[in-house]
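# I'll drop the sequence and a predicted model, then ask my questions.
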Amino acid sequence: MALRAALRSRSGLTGLLSQRSSCSSDIRMSPLLVPQQRNYSTPPKIRVEFDQSTGVAVMHMQSPPVNSLSLDFLTELCISVEKLEMDKSCRGLIITSAQPKVFSAGLDITEMYGKSPEHCGAFWRSVQEMWLKLYGSNMVTIAAINGSSPAGGCLMAMTCDYRIMADNPRYNIGLNETQLGIVAPFWFMDTMKNTVGQRTTEMALQLGLLYKPADALKIGLVDQLEPEDQVIAAATQTISRWLAIPDHARQITKSMMRKKTIDKLTSNRESDIKYFVNFITKDSIQKSLGGYMEMLKKRRA
Ligand SMILES: CCC/C=C/C(=O)SCCNC(=O)CCNC(=O)[C@H](O)C(C)(C)COP(=O)([O-])OP(=O)([O-])OC[C@H]1O[C@@H](n2cnc3c(N)ncnc32)[C@H](O)[C@@H]1OP(=O)([O-])[O-]
């Protein structure tokens, strides 16, 4: 306890360590996470398997067809992460997809198209919350990317400490927002900059580049490629190396590296929501999103 308190005051880790230091078994939820939005008549979109013996949880995203990040999906995901974060016996988290060919298609476009400003605002808050929870997690986090991972899917993968992608040239990953006529917000940009550096991010974002696994490995967007059926096994093996490091030293190091980026969003959350709502509800942006949705449907037909 004393160590935790000392560590917290030395490095200002309130966000990262506060949940861990709580011994209460009650799950305290942030207002976003009050499960009023969860529709209990639909199957869960997130399945978590926790192995007590290793302290590692595997989170399977199972929202057909493409694990798009809807408000419901994000709410469930945040609740699951929060529960794991508060369970002191859980030290590592592997995030993967139960859907074939897709890790996550990114933000659910239907949550941003033809919706009221209030809805867009609530949706954006849930996207922020997902990022804050995962980027600020005390757990070792590994993305086992077993399919395509554009835009918000790539963001989710980049919040993790390590990324292992299926070595299948049909899959891709990247922040392709400009291709939809929209702009990735500053914290998406910062996360990518922290991962692959300024120059690569600048080019990738302006061109809305999606990288095949081999190219993603070359620029450091992913850390390792594996045959598709071995991605989870490789993640399990890798996480044990990370868990061999004393938790407090690893957590503080992670927090020191990420704190500035996290603080930037935490102190600008409301203005970021306002900016997003103004932007996304503009006629021209709605037209771009509508056109992109049509293109997706035509491609399928
Ligand atoms: C400022 C904001 C920042 C924004 C960040 C973002 O993340 S923006 C997001 C940027 N994301 C992207 O640009 C990714 C767009 N998606 C893709 O490129 C592909 O779906 C894929 C490669 C992920 C999977 O290919 P695949 O051949 O396995 O699957 P498929 O293509 O046949 O789709 C199946 C069904 O899912 C539907 N649907 C798909 N994605 C979304 C979505 N995000 N949302 C909602 N729906 C989506 C699709 O319309 C189709 O519906 P239908 O016709 O059955 O009613």
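Looks like it came in fine. Numbering: from 1, shown residues only.
# List the contacts of Gln224.
Tyr162, Arg163, Ile164, Met165, Leu217, Ala234, Thr238 (Cβ atoms under 8 Å, 6 or more residues apart in numbering). Quick note: C-beta positions are derived from backbone N, CA and C, even for glycine.
# Residues in contact with the helix or strand containing the last one: which ones?
When secondary structure is defined by DSSP states H and E, Thr238 falls within helix 231-243. Contacts with helix 231-243, where a contact means Cβ under 8 Å, 6+ apart, come from 54-56, 58, 91-92, 94, 96, 140, 142, 144-146, 161-162, 164-166, 224, 226, 250.
# how many neighbours does the closest residue to the ligand within the stretch 1-150 of the chain have?
Nearest residue of the stretch 1-150 of the chain to the ligand (Cβ to the nearest ligand atom) works out as Gly106 at 2.8 Å. By other Cβ atoms under 10 Å, the residues close to Gly106 number 24.
# can you check Glu228 too?
The burial count for Glu228: 15, using other Cβ under 10 Å.
# One more: the one 4 residues further on?
Summarising burial for Ile232: neighbours were counted as other Cβ under 10 Å, giving 18.
# same question, the one 5 residues further on
Other residues within reach of Gln237 by the criterion other Cβ under 10 Å amount to 12.
# which one is Ala105 nearest to, not counting chain neighbours?
Val66 (3.8 Å; Cβ to Cβ, 6 or more residues apart in numbering).
# same thing with Tyr113?
Tyr113 sits nearest to Leu289 (Cβ to Cβ, 6+ apart), 4.7 Å away.
# That neighbour is in what secondary structure piece?
With DSSP H and E as the test, Leu289 turns up in helix 283-300.
# what about that helix, near the ligand?
Yes: if you take Cβ under 6 Å from any ligand atom as the test, helix 283-300 does meet the ligand, through Leu296, Lys297, Arg300.
# And the contacts of the helix or strand harbouring Ala204?
Using DSSP H and E, Ala204 sits in helix 198-207. For helix 198-207, contacts defined as Cβ under 8 Å, 6+ apart pick out 174-175, 177-178, 184, 189, 192-193, 196, 209, 211, 219-220.
# Can you tell me which of the contacts of Gln224 end up in strands?
Tyr162, Arg163, Ile164, Met165 (DSSP state E).
# Next one, pLDDT for the third one please.
Meaning Ile164. Looking at Ile164, its pLDDT reads 99.
# Quick one, grab the pLDDT at the nearest residue to it once chain neighbours are set aside.
Among residues not flanking Ile164 along the chain, Gln224 sits closest, at 4.6 Å (Cβ to Cβ, 6+ apart). Looking at Gln224, its pLDDT reads 98.
# State the distance from Gln224 to Ser63.
Remark: distance between Gln224 and Ser63 (Cβ to Cβ, to the nearest Å) = 26 Å.
# In strands, which of the contacts of helix 231-243 appear?
Using DSSP E, the contacts of helix 231-243 in strands are 56, 58, 92, 94, 96, 140, 142, 144-145, 162, 164-166, 224, 226.
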